[in-house]
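Colleague: Next come a sequence and a model predicted from it.
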Amino acid sequence: MTEDEVQGVWAQITRAVADDPMVARSLIGQLGLAVPRGVGAGSLYLAVQYDFTQRLLDHELRPAIMSAIAKTPDATGIENFIVLVDPTLQVDHSVGTAEQETEADQSVDASASFDEQPPAAAPAEPVRPLHEPSPRHGRREIEDSRLNEKYRFDTFVIGQSNRFAHAASVAVAEAPARAYNPLFIYGDSGLGKTHLLHAIGHYTRELFPDVRVRYVSSEDFTNDFINSIANNEGAAFHQRYRSVDLLLVDDIQFLEGKAETQEAFFHTFNTLHDHNKQVVITSDVQPKQLRGFEERMLSRFEWGLLTDIQVPDLETRIAILRKKAQREQLVIEDEILEFIATKFSSNIRELEGTLIRVTAFASLNQQRIDMSLVQTVLKDLISLDDDNEVQPSDIINRTADYFDLSVDDLYGQSRAQQIALARQIAMYLCRELTPLSLPKIGQLFGGRDHTTVMYAHKKIAQLLKERRAVYNQVMEITARVKQAR
Ligand SMILES: Nc1ncnc2c1ncn2[C@@H]1O[C@H](COP(=O)(O)OP(=O)(O)OP(=O)(O)O)[C@@H](O)[C@H]1O
């Protein structure tokens, strides 16, 4: 076959795959990232730039591509396809699949009707996210990105449950706005979505130091939006969010039912996407299951790549604990890590919290961490099943009871030492035992900022290791909360 014939056959195959109702729409765009290189010994050779695209074509899309080959008359003589990775490959995105072209058209139309600014036409050439270089980051900009130092790819443990989400995140960081835009990561609370978001931000900045990154929880986005209206600073709000190269949006489900904030987000999303800027979104459910969102927004979430994170298996949980122990320079036998990992299976935050309690107990009592110590500590931390979730109101009521305070004391502004400590313990436990995000917990405690909750969590985690009284209080309140269920 000549080069042109191979191109023609590949175009027919991609059209057939795009017409296949069994293929997820979010995967169809991947075909446009493959370049046919030729046919030899019955195999069609395709080149792609990334390992990740190779895996998608080879695994997720293999059945659909094979069936499209069988249906394509010009492909007689092709019995198989082989995908090779060529990191130097430049893909011409102007040659997309039929599906991609329709979507690109729709994006321009849809955004034109909502946005004051006419959207820029999609670039014909793939571009780096830095086609308009900005000055290197100063300290201020680094703080503005709001990235958490702790959450990086090298502290993230890869297992069966998160392998795909991790690979997609790395691919996005290595080539922002080129392959998977948006990247949508979903999964239950405490399984590592926020960790991956921050890791994408850090790694992207390492690779492209001039990239402007912004991490935002959807609650912070909402608050920013509301404040911008209240203070008549709409233009500054738009500027802040639309001038970034990489926007990382955490827990999008919290925009549920907030029509005006959604509208603001929709404009931001369109502007960034149209200007070839990367957006990564996390949620506790996949787009289809998000309630209270407009259809036009949900369909945009599915433009790029959807990937979930599942509950980690035992090996991964042990590996996570081992990594955490190494980071904290704790010497703990594998047998003990394994024991803890078998007790807490559905939330990694809870798993890590348990390790902190065990080490705190050992250091307060100046004991070695052995099995009997671990069993003593875990005695009261009975794992709850899913329909037996801890409610924040339980934590607040039990904490108030324990300290002989009223619930209003905990919600209120008093800085009296005892009340402040009780409030911080209640915040700590809300973070540890419920799926609530930091801003949500802040709201619960009289509309406090999420940084206050973060501070409380850090402070109590530290006091657990240093002050026996605090350790006992936290353990006792936890036991009461759990026994009350
Ligand atoms: N694979 C992993 N390797 C190492 N640490 C992990 C991994 N997955 C999760 N964690 C840790 O578990 C904790 C909870 O993770 P994270 O906050 O990212 O969860 P989440 O899915 O965003 O939860 P939520 O929906 O409640 O915000 C963090 O301390 C994170 O570092």
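Modeller: Looks like it arrived, so ask away. Everything numeric in this text was worked out from a predicted model, so none of it was measured.
Colleague: In the protein, what helix or strand scores lowest on average pLDDT?
Modeller: helix 98-114 (a mean of 30; mean pLDDT, DSSP states H and E).
Colleague: just the residues of the chain that are near the ligand, which are they?
Modeller: Taking Cβ under 6 Å from any ligand atom as the contact definition, the chain meets the ligand at 151, 155-157, 162, 189-195, 251, 284, 320, 348-349, 352, 435, 437. (Glycine included, C-beta is placed from N, CA and C.)
Colleague: In contact with the residue of the stretch 301-450 of the chain found nearest the ligand, which residues?
Modeller: The ligand sits closest to Ile348 of the stretch 301-450 of the chain, with a gap of 3.6 Å, by Cβ to the nearest ligand atom. Shown in contact with Ile348 (Cβ atoms under 8 Å, 6 or more residues apart in numbering): 190-192, 312, 317, 320.
Colleague: Would you mind checking which of those is nearest to Tyr428?
Modeller: Gly190 (14.9 Å; Cβ to Cβ).
Colleague: Could you confirm the closest one falls within a strand?
Modeller: No. Gly190 sits outside any strand when classified using DSSP: H, G, I helix; E, B strand; the rest coil, being coil.
Colleague: Might you list the low-confidence residue ranges for the stretch 251-400 of the chain?
Modeller: Within the stretch 251-400 of the chain, the stretches with pLDDT under 70 are 380-388.
Colleague: would you list every one of the helices in it?
Modeller: Here the stretch 251-400 of the chain has its helices, by DSSP state H, counting those that start in this stretch, at 259-274, 295-301, 314-327, 334-343, 348-364, 371-378, 392-402.
Colleague: In a markdown table: those helices, plus distance to Leu44.
Modeller: Converted to a markdown table, these look like this (distance: least, Cβ to Cβ, whole Å):
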| stretch | distance to Leu44 |
| --- | --- |
| helix 259-274 | 32 |
| helix 295-301 | 32 |
| helix 314-327 | 36 |
| helix 334-343 | 45 |
| helix 348-364 | 42 |
| helix 371-378 | 56 |
| helix 392-402 | 56 |
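Colleague: nearest to Ala34, of those helices?
Modeller: Using Cβ to Cβ, the helices of the stretch 251-400 of the chain put helix 259-274 closest to Ala34, at 22.2 Å.
Colleague: Which positions in the closest one come out as buried?
Modeller: Buried residues in helix 259-274, counted by 16 or more other Cβ atoms under 10 Å: 261-262, 264-274.
Colleague: Send me that helix as PDB with only the CA atoms.
Modeller: Presented in PDB, the C-alpha positions along helix 259-274 are these (Å, rounded to 0.1, in the frame of the first residue of the first chain):
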ATOM      1  CA  ALA A 259     -26.700  27.900  38.700                       C
ATOM      2  CA  GLU A 260     -24.800  31.200  38.700                       C
ATOM      3  CA  THR A 261     -21.500  29.700  39.800                       C
ATOM      4  CA  GLN A 262     -21.900  27.000  37.300                       C
ATOM      5  CA  GLU A 263     -22.500  29.600  34.600                       C
ATOM      6  CA  ALA A 264     -19.300  31.300  35.700                       C
ATOM      7  CA  PHE A 265     -17.400  28.000  35.600                       C
ATOM      8  CA  PHE A 266     -18.900  27.200  32.200                       C
ATOM      9  CA  HIS A 267     -17.500  30.400  30.800                       C
ATOM     10  CA  THR A 268     -14.100  29.800  32.400                       C
ATOM     11  CA  PHE A 269     -14.000  26.300  31.200                       C
ATOM     12  CA  ASN A 270     -14.900  27.300  27.600                       C
ATOM     13  CA  THR A 271     -12.400  30.100  27.500                       C
ATOM     14  CA  LEU A 272      -9.600  27.900  28.800                       C
ATOM     15  CA  HIS A 273     -10.400  25.000  26.500                       C
ATOM     16  CA  ASP A 274     -10.800  27.200  23.500                       C
END
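Colleague: per-residue confidence averaged over the helix or strand where Tyr428 lies?
Modeller: Element membership for Tyr428 (DSSP states H and E) is helix 417-433. Taken as a whole, helix 417-433 carries a mean pLDDT of 92.
Colleague: Show the contacting residues for the residue in the stretch 151-300 of the chain positioned nearest to the ligand.
Modeller: Nearest residue of the stretch 151-300 of the chain to the ligand, counting by Cβ to the nearest ligand atom: Gly192, 2.7 Å away. Gly192 makes contact with 156, 162, 165, 309, 348, according to Cβ under 8 Å, 6+ apart.
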